[in-house]
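1. sequence and computational prediction follow.
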Amino acid sequence: MEQQQKPSGNPRHRRHHGGKPQREQQYNPPYAKEVLDRPLSSLDLREGTLGALTAAKIATVRDLAVRRLTDMYKVQNFGKKNLGEVRAVLGKLGVDFRPSTEAQKENKEERAQNADPKQHNKGQFGGQNPQVSQKKGGQQDKPQQGKPQPQQGKGAQPVKGGQSSRDEGKNKKGGKDFKKDEPLTLAQLYPRKKFVPSAPIPEVEDRFVKFQRGGKWGFRDKSGKELIPPIYDEVFNFKDDYACVERKGLFGYINRDNELVIPYRYEVASSFSEGLACVGNEEKCGYIDKEGNVVCPFVYDAGTAVKDGLAKIKKDGRWGTLNLATKEISW
């Protein structure tokens, strides 16, 4: 008997190498087409993150939205730090990864029940009235000849067993079978609001445009005039007049005069929004102001940009909404 070949003991040999993940059915992300068609090169992604995605043939926002979160761990040279950066950028656009199989199945069942609430109970009695007795062959019982039948209308006498002819139709409503104690559907017991994707945040064009030369990054205007020399390992676009820059593996912030206003001290960082930025190390992150003061401690697993005083944060495996003014979290 031929022996079955065992898989390689090296987990690198079993790792996927970039192509789109196999999907059991077609999935259309519920977001605007102009957002899904945006190239990743137009987003605030570091060169290393963008390079790993490009090598995996992931070029647009749509290519990310059709994937589940777990699919991203199969991309080569793409780790937790890269994933946190991508989720923060997608959060600004109001986009998220494809929901899990369990969540999709639950939503599908809910939609089916909402479309036909009575379908849940169809077939309990084969679609027939259980109170109507039938003989073998499908013929209905007929009243025996020679025996008086109960009178109809006013003054009707009760039939044997104490049930009047008026009671015979109490389970009828509009000519159809009506069951008073019919069980409620799952959608009726646990109603949910319809999912409406949030509108994308409009991008504001800035005079400072980042460019690369000799493996380093800097800024120039639209005419090509150099404004800040390419001396940084990575740069993000200017937001709130500050730009996040990287040198020797650490992030800091510069102003439009190329002055270092916040020192290089963070392993993970993002652009400022409403005067606050999400920064941290590889394990936890928090929020700082434009003076470099810590506004929220580094206790979160991930965080997004601030909008209207709120930010999405992840802690202990679940996402919530952080109010930066009160420091309260709504789960």
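-> Received it, and whenever you're ready, just let me know what you need. Numbers count the residues shown, from 1 in each chain.
2. list the contacts of residue 45.
-> 53, 85-86, 89 (Cβ atoms under 8 Å, 6 or more residues apart in numbering). Using the backbone N, CA and C atoms, a C-beta is placed for each residue, glycine as well.
3. give me the subset of the residues you listed lying in helices.
-> 53, 85-86, 89 (DSSP state H).
4. circling back: can I get the contacts of residue 45 in CSV with distance to residue 263?
-> As requested, these are exported to CSV (distance: Cβ to Cβ, whole Å):
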residue, distance to residue 263
53, 30
85, 21
86, 26
89, 24
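5. out of the residues you listed, who's the most crowded?
-> The most crowded member of the contacts of residue 45, judged by other Cβ atoms under 10 Å, is residue 53 (24 neighbours).
6. excluding sequence neighbours, find me the nearest residue to it.
-> Leaving aside its sequence neighbours, residue 53 sits nearest to residue 40 (Cβ to Cβ, 6 or more residues apart in numbering; 5.9 Å).
7. quick one, phi/psi of the one you found?
-> Phi and psi for residue 40, reported as degrees, to the nearest 10, are phi -70, psi -20.
8. any stretches of the stretch 1-150 of the chain with poor pLDDT?
-> Applying pLDDT under 70 to the stretch 1-150 of the chain picks out residues 1-25, 101-150.
9. neighbours of residue 284, how many?
-> 15.
10. wait, I meant residue 293
-> A count of nearby residues for residue 293, using other Cβ under 10 Å, gives 9.
11. from what I can see residue 56 touches residue 75, true?
-> Yes: under the criterion of Cβ atoms under 8 Å, residue 56 makes contact with residue 75 at 4.6 Å.
12. which segments of this protein make up each domain?
-> The chain is divided into the following domains under automatic domain parsing: 26-99, 209-330.
13. what helix or strand is the nearest residue to residue 331 once chain neighbours are set aside on?
-> Leaving out its chain neighbours, the residue that sits closest to residue 331 by Cβ to Cβ, 6+ apart is residue 320, at 4.4 Å. For residue 320, the enclosing helix or strand under DSSP states H and E is strand 318-323.
14. and residue 57, by the same measure?
-> Using DSSP H and E, residue 57 falls within no helix or strand.
15. how far away is it from residue 42?
-> Distance of residue 57 to residue 42, given as Cβ to Cβ, to the nearest Å: 17 Å.
16. re the thing from before, the residue nearest to residue 53 touches residue 58, doesn't it?
-> Yes: the pair residue 40 / residue 58 is scored as a contact, 7.0 Å apart, by Cβ under 8 Å.
17. quick one, helices of this protein?
-> 33-36, 47-55, 61-65, 80-92, 101-115, 186-189.
18. now those helices in a markdown table, with distance to residue 271?
-> Listed next are these as a markdown table, based on distance: least, Cβ to Cβ, whole Å:
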| stretch | distance to residue 271 |
| --- | --- |
| helix 33-36 | 19 |
| helix 47-55 | 14 |
| helix 61-65 | 18 |
| helix 80-92 | 9 |
| helix 101-115 | 31 |
| helix 186-189 | 41 |
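19. ok, which of these comes nearest residue 290?
-> For these, proximity to residue 290 was assessed by Cβ to Cβ; helix 80-92 is nearest, at 18.6 Å.
20. against which helices or strands is the closest one packed?
-> Counting contacts by 3 or more Cβ pairs under 8 Å, 6 or more residues apart in numbering; DSSP states H and E, helix 80-92 packs against helix 47-55, helix 61-65, strand 268-269, strand 302-303.
21. return it as PDB; C-alpha atoms alone will do.
-> The C-alpha coordinates for helix 80-92 follow below in PDB (Å, rounded to 0.1, in the frame of the first residue of the first chain):
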ATOM      1  CA  LYS A  80       1.000  42.900  13.100                       C
ATOM      2  CA  LYS A  81       2.500  46.300  12.700                       C
ATOM      3  CA  ASN A  82       1.600  46.400   9.000                       C
ATOM      4  CA  LEU A  83      -1.900  45.200   9.700                       C
ATOM      5  CA  GLY A  84      -2.500  47.900  12.300                       C
ATOM      6  CA  GLU A  85      -1.400  50.500   9.800                       C
ATOM      7  CA  VAL A  86      -3.700  49.200   7.100                       C
ATOM      8  CA  ARG A  87      -6.700  49.000   9.400                       C
ATOM      9  CA  ALA A  88      -6.100  52.600  10.500                       C
ATOM     10  CA  VAL A  89      -6.100  53.800   6.900                       C
ATOM     11  CA  LEU A  90      -9.200  51.800   6.000                       C
ATOM     12  CA  GLY A  91     -11.000  53.200   9.000                       C
ATOM     13  CA  LYS A  92     -10.500  56.700   7.700                       C
END
